[in-house]
Structures are given as structure tokens and as C-alpha cells.
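Enquirer: Can you look at this prediction? I've put the sequence above it.
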Amino acid sequence: MRIAVFGGSFDPPHIAHEKIVFEALEKLDIDKLFIVPTYLNPFKADFHLEPKSRFMLLEKLFKNEEKIEICDFEIKQNRKVPSYETISYLKKYHDLSKIYLIIGSDNFKSLEKWYKIDLLKKDVEFVLAKRIGFLNENLDSIKTLNIDIDISSTNLRNNIDLKYIPKKIQNDVKTLFKTNKKGN
Ligand SMILES: Nc1ncnc2c1ncn2[C@@H]1O[C@H](COP(=O)(O)OP(=O)(O)OP(=O)(O)O)[C@@H](O)[C@H]1O
Ligand SMILES: O=C(O)c1ccc[n+]([C@@H]2O[C@H](COP(=O)([O-])O)[C@@H](O)[C@H]2O)c1
């Protein structure tokens, strides 16, 4: 099976995430796309929406997409999980002939600091989602997805603007932001 893996905090999911997913389905020759919400990114200190809420939002958003599976491996660990571990888990349970790992341009520059990056590079081919405001050099040999939507979850946590939230989950995000008690 040929797969792509798209990991992220999705705190909350927004329209650029949705575009990355549909571009990947269109451009990559894959049988399945695993979307993997983090419990907590290894380089981040905290989350805003609970992992279970972010998982539920992704399930709702991509419910009718046959090739998409929302993977709960990381959120079930209740700790920071490096991508190398997630890829090892997927390899253990599936017969995989190709693994693309999708990351945005902002993460690309910190890649050398990722856990067991040399081993991870042997397992996966990175696909870069080009992000406005982040320039990357020497991309000749790397597959890219053009996203061109200038939005981040940080912006939305600071100032929720529902036009950047996919329609299917707007009401849920609105409610979660109102009832979320952490307030960060
Ligand atoms: N607007 C965007 N264009 C291209 N890639 C993006 C965009 N937003 C997010 N990504 C990529 O999608 C993946 C998941 O993103 P993430 O959930 O961290 O969203 P974010 O908007 O970057 O959140 P935050 O502001 O909290 O860091 C990351 O690899 C990120 O680089
Ligand atoms: O493996 C690592 O060391 C590592 C370090 C930083 C980030 N990541 C992964 O990068 C993905 C994008 O994270 P984020 O928070 O920018 O959405 C997510 O799957 C993280 O687990 C992975």
C-alpha cells in the first residue's frame, strides 16, 4: 500500500489544512492518507483544544472521504510523540511500499532537530506544503503542494474568525472555543 501521512496539532483545523489534504489526494499517487493529530507537538509547550476534540473535528471534516483515515495513535499516548515513532507504528500494522510525510514550510527548517531524523528520512519521502511567508531553498528534488492561504491556528486562537474554519466544523469550533476552560 502507498500512503501519505499528514501530522499536525490542528488546534483548531483550518482551511489551509483542508487544502493540503485535497491537494495531496490529487497530486500524490496514494491508496490512503493518514491524518495524525498530535497529543502535543514535541517542540510545543501546551495545547488549547483537548486532543479528543481535535480528533473529533478531523473525523467530522473528512467523514465521507474513502481514502482518509484519522489516526488516534498519538493522542492515545497522552504524551509528545515524535513522527519517527508514528511511522514505525504504521509500518508495523500495514504493508507499506511508499510513505510520503507531509509537512509545512515552517516545519521544514527545524527538520534536522527532529527525533531520529536520519532514520526517519530512510522511511519516508517528505512532501512540502508551501506556506506564505516561509521561503525554502533547494527544493528541486522535493515534491511540493501549493497552498497559498495565509492563516495559522495561532492567529485563530488569538482571534477566532470562522471564515477560515471549514463550514462542516464551524459550529463545533465556535462551541469548543466558548466552552474551552484552559483559556490559552
Ligand atoms: N497556511 C498554511 N500553509 C501551508 N502549510 C500549513 C499552513 N498551516 C499549517 N500548515 C502545515 O500543516 C501542518 C499542521 O499545521 P498546524 O496544525 O501546526 O497548524 P498551524 O496553523 O501551523 O498551527 P500553529 O499556529 O498552532 O503552529 C504543519 O506541518 C504546518 O506547517
Ligand atoms: O519527530 C519530531 O521530533 C517532531 C518535532 C516537531 C514536530 N513534529 C511533527 O510535525 C508535525 C507538525 O506539527 P505542528 O504542531 O506544526 O502541526 C506533527 O506531526 C508533529 O508531531 C515532529
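Expert: Received, thanks. Numbering: from 1, shown residues only. Ligands and ions are numbered 1, 2, ... in the order given.
Enquirer: C-alpha only now, for contacts and for neighbours.
Expert: Fine.
Enquirer: and after the helix or strand of the chain with the lowest mean pLDDT, which helix or strand comes next?
Expert: Counting by mean pLDDT, DSSP states H and E, the weakest-scoring helix or strand in the chain turns out to be helix 105-108, with a mean of 91. Using DSSP states H and E, the helix or strand that follows helix 105-108 in sequence is helix 117-123.
Enquirer: In the protein, where's the longest helix?
Expert: helix 15-27 (DSSP state H).
Enquirer: how about that one: buried residues?
Expert: For helix 15-27, a neighbour-count test (16 or more other CA atoms under 10 Å) marks 15, 16, 17, 18, 19, 20, 21, 23, 24, 25 as buried.
Enquirer: Distance to ligand 1 and pLDDT added to those, as a markdown table?
Expert: Formatted as a markdown table, those follow (distance: CA to the nearest ligand atom, whole Å; pLDDT from 0 to 100):
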| residue | distance to ligand 1 | pLDDT |
| --- | --- | --- |
| 15 | 8 | 98 |
| 16 | 5 | 98 |
| 17 | 6 | 98 |
| 18 | 9 | 98 |
| 19 | 9 | 98 |
| 20 | 7 | 98 |
| 21 | 9 | 98 |
| 23 | 11 | 98 |
| 24 | 12 | 98 |
| 25 | 15 | 98 |
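Enquirer: can you tell me which of the residues you listed are up against ligand 2?
Expert: Among the buried residues of helix 15-27, not one lies near ligand 2 by CA under 6 Å from any ligand atom.
Enquirer: which among those gets closest to residue 82?
Expert: residue 17 (19.9 Å; CA to CA).
Enquirer: buried stuff in the least confident helix or strand of the chain?
Expert: In helix 105-108, the ones that count as buried by 16+ other CA under 10 Å are 105, 106, 108.
Enquirer: so can I have TSV of those residues showing distance to residue 2?
Expert: Putting the buried residues of helix 105-108 into TSV (distance: CA to CA, whole Å) gives the following:
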residue	distance to residue 2
105	23
106	26
108	23
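Enquirer: Which positions in the protein make contact with ligand 2?
Expert: 7, 8, 9, 38, 41, 42, 43, 82, 83, 84, 114, 115.
Enquirer: what number of residues lie near the fourth one?
Expert: Okay, so that is residue 38. Close neighbours of residue 38, defined as other CA atoms under 10 Å, add up to 29.
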